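**Student:** Following is a predicted model, sequence given first.
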Amino acid sequence: MQFPVLLPIGPWLVHPHPVFESLGYLVGFQVFLALRRRAGEHLAEGQRPLLILAAIVGAIVGSKVLAWLVDPSTVWAHRTEWQAWAEGKTIVGGLLGGHLAVELAKQRMGITRSTGDLYAIPLALGIAVGRIGCFLTGLSDRTYGNPTSLPWGVDFGDGIARHPTQLYEMAVLGVLAIVLLRRMLKGHPEGHLFRLFMASYLGWRLLVGFIQPGATFLGLAAIQWACVAGLLYYVPRLRSSAPETRPASEGSA
């Protein structure tokens, strides 16, 4: 297999990353619409679109800021080039930034209930689909793992077999989506699904970071430190919203 794996679409050969990233957004949005039809809307008219807008803006900002922190020396060395600031984004930064922006928007709008459970399964599936594009992109995506002698190691084009961490993440997210679906069908406390998704995904990214290359500070990469901060926030709230302690509802962030 030669990376990047260009996709034949009509008369063109198209780069896989934007294709599967767009497909991930589409899949996630369609699953969200289906879940909202099933659960009904629990917010006042017009509130949900404003929260979605806040989440998008926060995710863009968060994903960029954390991407700059992953390799700040390189960004600073090329600070006069707009590409250094425009390129790169991180899912962890997007999730944390999006949640922070939603919480701020909820305070301004006077919303006190949780609102994110409807996004948990769509996020898991959407990220999993997007990771296909990361895998097919190869080395330039910088989401691969460290060298490995395991039989499923993948040569992304530099002659070195590496952990296909993108495929690992797809498998983890697939299992997580099933767990979330089962919790949803059984009934759950408001906010539990979103907290379970965030705690599980951040925990995964913290662990998988140990088999991925990159600069570290005090033994952890920037993304791992962001995961630690997120886990310190979500894990206590996840435990307090365990299904045994509260009645079932819609919910989330």
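**Tutor:** Noted; the coordinates are in hand.
**Student:** for residue 35, helix, strand, or coil?
**Tutor:** helix (DSSP: H, G, I helix; E, B strand; the rest coil).
**Student:** which residue packs closest to it, ignoring adjacent ones?
**Tutor:** Among residues not flanking residue 35 along the chain, residue 118 sits closest, at 5.2 Å (CB to CB, 6 or more residues apart in numbering). Where C-beta positions appear, they are placed from N, C-alpha and C, glycine not excepted.
**Student:** wait, doesn't that neighbour sit right on residue 37?
**Tutor:** No. When contacts are counted by CB atoms under 8 Å, residue 118 is not listed as touching residue 37 (10.4 Å).
**Student:** So those two - more neighbours on which side?
**Tutor:** residue 118 (24 against 9; other CB atoms under 10 Å).
**Student:** so which strand or helix has residue 43?
**Tutor:** Using DSSP states H and E, residue 43 falls within no helix or strand.
**Student:** returning to that earlier point: next one: the residue nearest to residue 35 from residue 128, what distance?
**Tutor:** Here the criterion is CB to CB, to the nearest Å. By it, residue 118 lies 18 Å from residue 128.
**Student:** same check, this time on residue 168
**Tutor:** When residue 168 is compared with residue 128 (using CB to CB), they lie 11 Å apart.
**Student:** Which one of those two is surrounded by more residues?
**Tutor:** residue 128 (22 against 17).
**Student:** where are the low-confidence patches of the protein?
**Tutor:** Scanning the chain with the threshold set as pLDDT under 70 gives 84, 241-253.
**Student:** Do a quick rundown of the helices in it.
**Tutor:** Under the criterion DSSP state H, the chain contains helices at 16-39, 47-70, 72-77, 82-86, 91-109, 117-137, 165-186, 192-208, 222-240.
**Student:** Nearest to residue 149 among those helices would be which one?
**Tutor:** helix 165-186 (15.7 Å; CB to CB).
**Student:** Does anything pack onto the closest one? Which helices or strands?
**Tutor:** helix 117-137, helix 192-208 (3 or more CB pairs under 8 Å, 6 or more residues apart in numbering; DSSP states H and E).
**Student:** tell me which strands and helices the first one is in contact with?
**Tutor:** It stands for helix 117-137. Partner elements for helix 117-137 (3+ CB pairs under 8 Å, 6+ apart): helix 16-39, helix 165-186, helix 192-208.
**Student:** between those helices, which gets nearest to residue 218?
**Tutor:** Comparing the helices and strands packed on helix 117-137 by CB to CB, helix 192-208 comes nearest, at 13.8 Å.
**Student:** what's the distance between the closest one and the middle of its chain?
**Tutor:** On the basis of CA atoms, centre = their mean, to the nearest Å, helix 192-208 sits 9 Å off its chain's mean C-alpha point.
**Student:** In that helix, which residues are buried?
**Tutor:** Judged by neighbour count using 16 or more other CB atoms under 10 Å, the buried positions of helix 192-208 are 192-206, 208.
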